[in-house]
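Undergrad: just the structure for this:
(one chain, ligands or ions: 1)
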Amino acid sequence: MLLTVRDLSVSFGGVHALNLSHFSLEDKELRVIIGPNGAGKSTFLDILCGKTKPNSGEVLFNGTPVLGKTEVEIANLGIGRKFQKPSVFPSLTVYENMLLAFKMKKSILASLFFKPTEEIDTRIREVAARVGLVKELKKIAGELSHGQKQWLEIAIVVLQDPRLMLIDEPAAGMSDEETEKTGELLMQLSKQHGIIVIEHDMKFVEQIAQDLVTVLVRGKLLVEGSFGEIRNDQRVIDSYLGRANVQLENF
Ligand SMILES: Nc1ncnc2c1ncn2[C@@H]1O[C@H](COP(=O)(O)OP(=O)(O)OP(=O)(O)O)[C@@H](O)[C@H]1O
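TA: From the prediction side, this is the model:
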């Protein structure tokens, strides 16, 4: 198992945000987590990357305990996070943004004297090709389309070469074409990385859910199953698919 989670619990001001009895992910598995607003999906990813400290529980990443480690230590262990909100530097080029992914791995002093090597250049071009941004490398990131910005964010996570990528709503705000391209990209990436994706767009979930889908409701695991099982599960329909925040257009 790449990731094993037991009895993970966190509350904010007395409100249980997450109470997850178990969760596990295989190496190179692509898992989609769905659930209504406030179900604890982002909180779960926040705990996995060290942004939020749980009250109790256990998280083993490749056999190593994660809880208690800092965000940097967890990133160095091999867990990379892409947040929903774009965080690329808009005035830098795509290439420069990607270069920063290498600089940020170094100490402040070392980053001042950082010189891109041919190896780094090759790697940037290789990852840019994978996310479909080769022609945009010299473009200012602020001028990219919304979808391209999201792919740049994914590229930056990929450049850190994590064994596990945590991705929050990658298709939010994307056109149908961009959404489909993102799905193809994630499926490609899952050949090399374990991936956990949070998503509301059910058409997109259907495209990428090749393995299990996990449904969280009010901080708890409601059910796990294939996309087909989840879609027809009455408990999932009652607590999520029948509700307003799920994106079911064209579904
Ligand atoms: N930093 C925080 N302080 C206080 N309450 C929080 C904090 N983060 C999350 N919560 C609460 O914890 C619960 C779970 O929130 P979370 O954002 O994890 O849900 P979610 O499933 O990701 O929802 P959405 O689909 O809307 O993003 C909610 O009740 C939320 O208000």
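Undergrad: any idea which helix or strand carries the residue positioned nearest the centre of the chain?
TA: Nearest residue to the geometric centre of the chain (Cα atoms, centre = their mean): residue 167, 1.2 Å. Using DSSP states H and E, residue 167 sits in strand 164-168.
Undergrad: check whether that strand contacts the ligand.
TA: No: figure legend: strand 164-168 not in contact with the ligand (Cβ under 6 Å from any ligand atom); closest approach 7.9 Å. C-betas here are computed from N, CA, C, even on glycine.
Undergrad: quick check: mean pLDDT across that strand?
TA: Across strand 164-168, the average pLDDT comes to 96.
Undergrad: then stretch 70-80?
TA: 93.
Undergrad: for that stretch, buried residues please.
TA: Applying a neighbour-count criterion of 16 or more other Cβ atoms under 10 Å, one finds 74, 75, 77, 78, 79, 80 buried in stretch 70-80.
Undergrad: low pLDDT regions in the stretch 1-150 of the chain?
TA: Across the stretch 1-150 of the chain, the ranges flagged by pLDDT under 70 are 84, 86, 103-114.
Undergrad: ok, now with 90
TA: By pLDDT under 90, the low-scoring segments of the stretch 1-150 of the chain are 13-15, 72, 82-88, 100-119.
Undergrad: how about the contacts made by the residue lying closest to residue 142 once chain neighbours are set aside?
TA: Of all residues not flanking residue 142 in the chain, residue 90 sits nearest, at 3.1 Å (Cβ to Cβ, 6 or more residues apart in numbering). Contacts for residue 90 (Cβ atoms under 8 Å, 6 or more residues apart in numbering) come out as 140, 141, 142.
Undergrad: hmm, back to that, for residue 135, see how far away the residue nearest to the centre of the chain is.
TA: Remark: distance between residue 167 and residue 135 (Cβ to Cβ, to the nearest Å) = 24 Å.
Undergrad: likewise residue 15?
TA: In terms of Cβ to Cβ, residue 15 sits 47 Å off from residue 135.
Undergrad: then stretch 215-225 to PDB, C-alphas only?
TA: Backbone C-alpha positions of stretch 215-225 (Å, rounded to 0.1, in the frame of the first residue of the first chain) are rendered in PDB as follows:
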ATOM      1  CA  VAL A 215     -17.700   9.000  -1.100                       C
ATOM      2  CA  LEU A 216     -17.300  11.200   2.000                       C
ATOM      3  CA  VAL A 217     -20.400  12.600   3.800                       C
ATOM      4  CA  ARG A 218     -20.200  14.700   6.900                       C
ATOM      5  CA  GLY A 219     -16.600  13.700   7.500                       C
ATOM      6  CA  LYS A 220     -17.200  10.000   7.300                       C
ATOM      7  CA  LEU A 221     -16.600   7.400   4.600                       C
ATOM      8  CA  LEU A 222     -20.100   6.600   3.300                       C
ATOM      9  CA  VAL A 223     -19.100   4.000   0.600                       C
ATOM     10  CA  GLU A 224     -16.300   3.000  -1.700                       C
ATOM     11  CA  GLY A 225     -16.800   1.300  -5.100                       C
END
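Undergrad: what about residue 15, how many residues close to it?
TA: 9 (other Cβ atoms under 10 Å).
Undergrad: state the phi and psi torsions of it.
TA: Phi and psi for residue 15, reported as degrees, to the nearest 10, are phi -90, psi 120.
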